[in-house]
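J.: Give me the fold of what follows.
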Amino acid sequence: MMAGRLTGTLDGRPVVIEADGRGLTLVAATLRTAWATRSLLDAVLPALRVLKTLGVPLRVSVAGIVTVAVLPSPSLLARLAAPGLARLA
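T.: Sure, this is the predicted structure:
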């Protein structure tokens, strides 16, 4: 079982990656930070494919207000915000 927390920055904005028994959660403090992650989709697509193959759930939490599923199947909101997620199929 994975467990832990990584804190860092994304495009100069703080983000946290949390791992627990339910999978991974990318926590963005603001909507602006979450929106900036869209530009990195092409770079992280291979890592997302590995997570999907391993069956690791991935969610994105924005400002503690909303959490959307990205893996194993992206939620409607995730697909609307980042249409490139369709390339995971």
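
J.: what's downstream of the lowest-mean-pLDDT helix or strand in the chain, the next helix or strand?
T.: Lowest mean confidence among the helices and strands of the chain (mean pLDDT, DSSP states H and E): helix 31-37, at a mean of 86. The helix or strand immediately downstream of helix 31-37 is helix 41-54, counting by DSSP states H and E.

J.: in that next one, what counts as buried?
T.: Leu48, Leu51, Lys52 (16 or more other CB atoms under 10 Å). No exception for glycine: its C-beta is placed from N, CA and C like everyone else's.

J.: contacting residues around the second one?
T.: Remark: with contacts taken as CB atoms under 8 Å, 6 or more residues apart in numbering, Leu51 is in contact with Leu24, Leu58, Leu71.

J.: got the buried residues for stretch 35-42?
T.: Applying 16+ other CB under 10 Å to stretch 35-42 flags Ala36, Thr37 as buried.

J.: low-confidence ranges in the protein?
T.: 1 (pLDDT under 70).

J.: Within the sheet, what are the partner strands of the helix or strand harbouring Val16, with directions?
T.: Val16 belongs to strand 13-20 when assigned by DSSP H and E. Strand 13-20 pairs in its sheet with strand 4-10 (antiparallel), strand 23-28 (antiparallel), by DSSP bridges.

J.: Give me the neighbour count for the residue nearest to Val16 when sequence neighbours are not counted.
T.: Of all residues not flanking Val16 in the chain, Val27 sits nearest, at 4.2 Å (CB to CB, 6 or more residues apart in numbering). The number of residues packed near Val27 is 20, by other CB atoms under 10 Å.
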